[in-house]
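Asker: Below: sequence and its predicted model.
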Amino acid sequence: MDTFRTPTEIYIIAVSVFFADFGTGMLIPLIPLYITRLSSSTDLSLAIKSALVFSVFGIFAAVSYPVMGRLSDRLDRRKPFVLTGLIGFVVLSAACAKIDTFEQLLIIRVAQGIMVGVMVPAILAMLTHVSTPENRGRSMGIYSTIRGTGSAIGPATGGVIAGIWGFDAGFYACAALGLLSILLVSIFVDETHETEIPETRGVSKKRTEFNSNSEIKLLAYATFTTMLAIMIVATLLPVYELHLNASIGGLGIALSAHFSARLIFQTPIGILSDRIGRRNMVVAGLLATALLVVGMAHTTTTPQLLTLMFIAGITSAVVNVPALASGADLSSPGMVGQQMSLFPMVSAIGMVIGPLLGGTFATYLGFASPFYICAGLMVAAGALIVKGRS
């Protein structure tokens, strides 16, 4: 059965871009720490500058995703977009070692966001083209796991390299990893193209595209809420440190538990979604995550927070993997890149809005308020998906 067989192309694509994802993970600690080398004591606070370099990256990535997805659909080409994004990653990573002002770093982060926006919709379209409805959950789970592994081990590797050999060595290592991905994509990844499907039951193409686009937006909204949740927790870690009398190491382990759980369970959840239905799993994942998020607002010990974060990692995967696979199922011929770009776009928006929502509401309405708001958005997303199916 196709459910139990993953197309070879999925592994080829995932492994080929793995090294660039590894390098991207390395940049996570390098970029904010590098700010201290570029800033003087009279500049803006380091915290504000660190927030800026991540925010501009997310904003420009979010803006670029739908534009580049639409362009790749019109040209019916994906591989050139993937290679362009990788080349940009290499050049910009190496450029970080040559700058000497914060403003230059900010410009590089803008360009990096755009390059990610060029590459990711094309990759998602390729995954959609080479998978089938019978194995799509499994395929998306495997791709997400391989990619997530690079992002997970990258930060520690980047920190070690910078600590021993300096920041320049870290940036050049990122560029070298990007070069390896360019080589693998150039040699092993084949171009994919749209396959038109015949219209059925007298339903017009425009009507079909409208319905599918609406459903995809709902599924993307569901994944947005899971990103919002983790960013709220990350933003409020200093408050947790005070309330729980927790160590920095303990809080770091709690975050790692969340991402580790997602990494471990993505593929099994994808396989399960192929067998029992994807949208029901998305709704169940949303409701379970909402309860866990409310629990995080009232936790009283670090072990409690760690347990809730670990379980939330699993339930977030229950939302994200089936939602991505369902989005691929629903995408219309000629619009795959554009429609699938909604998923990385809302994740980037969540990375920007989460810290603002968490910090502002916790300060003015109480620590628990952003958690309840996020949980409410999850319940609303689940209700809308159920209503959309009725």
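Answerer: Great, that's in hand. Numbering: from 1, shown residues only.
Asker: What lies in contact with stretch 125-140?
Answerer: By Cβ atoms under 8 Å, 6 or more residues apart in numbering, the residues outside stretch 125-140 that reach it are 1-7, 9-10, 13, 69, 72-73, 78-79, 82, 143, 189, 192-195, 267, 269-274, 278, 321-322, 324-325, 328-329, 331, 336-337, 340. Using the backbone N, CA and C atoms, a C-beta is placed for each residue, glycine as well.
Asker: ignore the last one, stretch 366-375
Answerer: By Cβ under 8 Å, 6+ apart, the residues outside stretch 366-375 that reach it are 225, 228-229, 232, 236, 239, 243, 290-291, 293-294, 296-298, 357-358, 361-362.
Asker: thinking again about what came up before, quick check on the contacts of stretch 125-140: which are buried?
Answerer: Buried positions within the contacts of stretch 125-140, assessed by neighbour count (16 or more other Cβ atoms under 10 Å), are 6-7, 9-10, 13, 69, 72-73, 78-79, 82, 143, 189, 192, 194, 267, 269-274, 278, 321-322, 324-325, 328-329, 331, 336-337, 340.
Asker: All the strands of this protein, residue numbers only.
Answerer: Per DSSP state E, the chain carries no strands over any range.
Asker: can you list the weak-confidence ranges in it?
Answerer: Along the chain, the model assigns pLDDT under 70 to residues 1-6, 39-47, 195-212, 248, 389-390.
Asker: what about the helices in the stretch 201-350 of the chain?
Answerer: 205-235, 237-243, 248-276, 278-296, 302-330, 336-340, 342-365 (DSSP state H, counting those that start in this stretch).
Asker: sorry, back to before: got a quick PyMOL command for the buried subset of the contacts of stretch 366-375?
Answerer: Of the contacts of stretch 366-375, the buried ones go into a single PyMOL selection, burial set by 16+ other Cβ under 10 Å:
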select buried, resi 225+228+229+232+236+290+293+294+296+297+357+358+361+362
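Asker: Report the buried residues of stretch 53-65.
Answerer: By 16+ other Cβ under 10 Å, the buried positions in stretch 53-65 come out as 53-65.
Asker: Would you enumerate the residues in contact with residue 365?
Answerer: By Cβ under 8 Å, 6+ apart, no residues touch residue 365.
Asker: repeat that for 10 Å
Answerer: By Cβ atoms under 10 Å, 6 or more residues apart in numbering, the contact set of residue 365 is 372, 373.
Asker: Okay, it and residue 245: tell me how far apart.
Answerer: 24 Å (Cβ to Cβ, to the nearest Å).
Asker: close enough to count as contact, residue 338 and residue 194?
Answerer: No - judged on Cβ atoms under 10 Å, residue 338 makes no contact with residue 194 at a distance of 11.7 Å.
Asker: Find residues that contact each of those two.
Answerer: Both residue 338 and residue 194 are contacted by 73, 125, 331, 332, under the criterion Cβ under 10 Å, 6+ apart.
Asker: And the furthest pair within those?
Answerer: 125 and 332 (11.9 Å; Cβ to Cβ).
Asker: what touches both of those two?
Answerer: Common contacts of residue 125 and residue 332 (Cβ under 10 Å, 6+ apart): 73, 194, 338, 339.
Asker: Looking at these, spot the one nearest residue 257.
Answerer: Nearest member of these to residue 257, counting by Cβ to Cβ, is residue 339, at 32.9 Å.
Asker: Now do the contacts for that closest one.
Answerer: By Cβ under 10 Å, 6+ apart, the contact list for residue 339 reads 66, 69-70, 73, 121, 124-125, 128, 209, 212-213, 215-217, 220, 327-328, 330-332.
Asker: what about 8 Å?
Answerer: So residue 339 contacts 69, 212, 213, 216, 327, 330, 331, 332 (Cβ under 8 Å, 6+ apart).
Asker: what does residue 273 give?
Answerer: 137, 281, 321, 322, 325.
Asker: what's the spacing between residue 167 and residue 58?
Answerer: Residue 167 sits 22 Å away from residue 58, going by Cβ to Cβ.
Asker: Can you give the distance of stretch 316-334 from its chain's centre?
Answerer: Here stretch 316-334 is found 14 Å from its chain centre; the criterion is Cα atoms, centre = their mean, to the nearest Å.
Asker: circling back to that earlier point, need the buried residues of stretch 53-65 in a markdown table (columns: distance to residue 313).
Answerer: Output for those, formatted as a markdown table (distance: Cβ to Cβ, whole Å):
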| residue | distance to residue 313 |
| --- | --- |
| 53 | 26 |
| 54 | 21 |
| 55 | 24 |
| 56 | 28 |
| 57 | 23 |
| 58 | 21 |
| 59 | 26 |
| 60 | 28 |
| 61 | 23 |
| 62 | 24 |
| 63 | 29 |
| 64 | 28 |
| 65 | 24 |
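Asker: for those, which one is nearest residue 23?
Answerer: Nearest member of those to residue 23, counting by Cβ to Cβ, is residue 57, at 14.5 Å.
Asker: Quick check, that closest one in contact with residue 111.
Answerer: No - using Cβ atoms under 8 Å, residue 57 makes no contact with residue 111, being 9.5 Å away.
Asker: Just give me how far stretch 294-306 sits from the chain centre.
Answerer: In terms of Cα atoms, centre = their mean, the centre of stretch 294-306 is found 25 Å from the chain centre.
Asker: Can you show me the CA trace of it as PDB?
Answerer: Output of stretch 294-306 as PDB, limited to C-alpha atoms (Å, rounded to 0.1, in the frame of the first residue of the first chain):
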ATOM      1  CA  VAL A 294      -3.900  27.000  29.900                       C
ATOM      2  CA  GLY A 295      -2.000  24.600  32.200                       C
ATOM      3  CA  MET A 296       1.300  26.400  31.400                       C
ATOM      4  CA  ALA A 297      -0.200  29.600  32.800                       C
ATOM      5  CA  HIS A 298      -0.800  28.000  36.200                       C
ATOM      6  CA  THR A 299       2.200  25.600  36.500                       C
ATOM      7  CA  THR A 300       4.000  25.900  39.900                       C
ATOM      8  CA  THR A 301       7.200  23.900  39.300                       C
ATOM      9  CA  THR A 302       9.800  23.400  36.600                       C
ATOM     10  CA  PRO A 303       9.100  19.700  36.300                       C
ATOM     11  CA  GLN A 304       5.400  20.500  35.700                       C
ATOM     12  CA  LEU A 305       6.300  23.000  33.000                       C
ATOM     13  CA  LEU A 306       8.700  20.500  31.400                       C
END
